[in-house]
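>>> build me a model from this:
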Amino acid sequence: MDFITEKLIFISLFIFIIHSIETLAYAVRLSGARVRLLASALSLFNVMVIVSRMANMMQQPFTASLIDKAPNTGTLEYVESQYRILIGASTFGTILGILLLPTFIAIFSRAIIHLSEERGSIPALLKKGFSIEYVRRGVKHIHLPRISYIKDINWKLFPYKLFFINMLITSIYTIGVLAALYAALLAPDRASTANMASGLINGVATIMLTLFIDPKVSILADDVINQRGSYLSLKGVSVMMVTSRLLGTILAQLLFIPGAQYIAWFTKFIV
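So this is what the prediction gives:
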């Protein structure tokens, strides 16, 4: 267990928080449809996505530094063990996000209304939201998910194709940086090329989310506001999305080594 270091714990906590935020972002559209202020909700959603993406970029140098601190003997096994813990941190972060989802639907609903009142000023919203009065109000909305939250969902309308696409994209996004760094160890003569692949992988995963996932969920939210669809259907899809995201982080454990091997192989055609 010598591979568990203080730096690893710090990075794991950072990744844990990142994936919690990304999971909670799914609550924003539900909140927007609930208060019928979807445009304001999407503004808040974009802020959360930007924060999580920026945080993900910030952790990359720290993750790479784990390789520099690895022992000269047994480096591959040492780094693999550390990176699997980081992938596990993304799973537990997603679980926390799921547990806090009902709480943040209530909080975001009020935040969206206040954002509209503040004429779209995020700094003013944050100033108000972190005041002692509003923190006390927020604590009152804390509650865990209940079985009743999903019992009325019509599973016959469950979009299984979207479920598996989101699961696959999440797994790719989760291991993008880690697989590229590990590929640099598998192909040390092409290490720089493999390291630079991480940005491309995460970029492609982000584009896939934007093209295949976000528009469909946004349309469902629009249907709720325009009374062409039910809030229950949107809630069902949101539950599906966070569940597929959770399974995607678990699938990432299986794809980690094959993904790194593929990146190491692919760099042969670039150099």
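>>> buried ones in stretch 254-267?
Using 16 or more other Cβ atoms under 10 Å as the test for burial, stretch 254-267 gives 255-257, 259-260, 263-264, 267. No exception for glycine: its C-beta is placed from N, CA and C like everyone else's.
>>> quick one: contacts of that stretch?
80, 83-84, 87, 171-172, 175, 178-180, 182-183, 186-187, 190, 193-194, 197, 201 (Cβ atoms under 8 Å, 6 or more residues apart in numbering).
>>> could you say what helices and strands the stretch of helix or strand residue 168 belongs to packs with?
In the assignment (DSSP states H and E), residue 168 maps to helix 160-186. When contacts are defined as 3 or more Cβ pairs under 8 Å, 6 or more residues apart in numbering; DSSP states H and E, helix 160-186 sits against helix 38-68, helix 75-99, helix 191-208, helix 231-266.
>>> which stretch among those helices comes nearest residue 164?
In terms of Cβ to Cβ, the element of the helices and strands packed on helix 160-186 nearest to residue 164 is helix 231-266, at 7.2 Å.
>>> so for the closest one, mean pLDDT?
When pLDDT is averaged along helix 231-266, the result is 89.
>>> where does the stretch 51-200 of the chain dip in pLDDT?
By pLDDT under 70, the weakly predicted segments of the stretch 51-200 of the chain are 117-121, 125-126, 128-130, 134, 137-138, 141, 147-158.
>>> and the residue nearest to residue 209 when sequence neighbours are not counted, how many residues sit next to it?
Distances taken as Cβ to Cβ, 6 or more residues apart in numbering put residue 169 closest to residue 209, at 5.7 Å, once the chain neighbours are dropped. By other Cβ atoms under 10 Å, 22 other residues sit near residue 169.
>>> now do the contacts for residue 169.
205, 208-209, 212-213, 248.
>>> and the residues you listed, which two are furthest apart?
Greatest spatial distance among these (Cβ to Cβ): 212 and 248, at 13.5 Å.
>>> out of those two, which sits in the busier spot?
residue 248 (26 against 14).
>>> roughly how far apart are the more buried one and residue 53?
According to Cβ to Cβ, to the nearest Å, residue 248 and residue 53 sit 17 Å apart.
>>> cool, and residue 166?
Residue 166 is 17 Å from residue 53, by Cβ to Cβ.
>>> so for the two, which residue has more residues nearby?
Each of residue 166 and residue 53 has its neighbours counted (other Cβ under 10 Å); residue 166 has more, 25 against 14.
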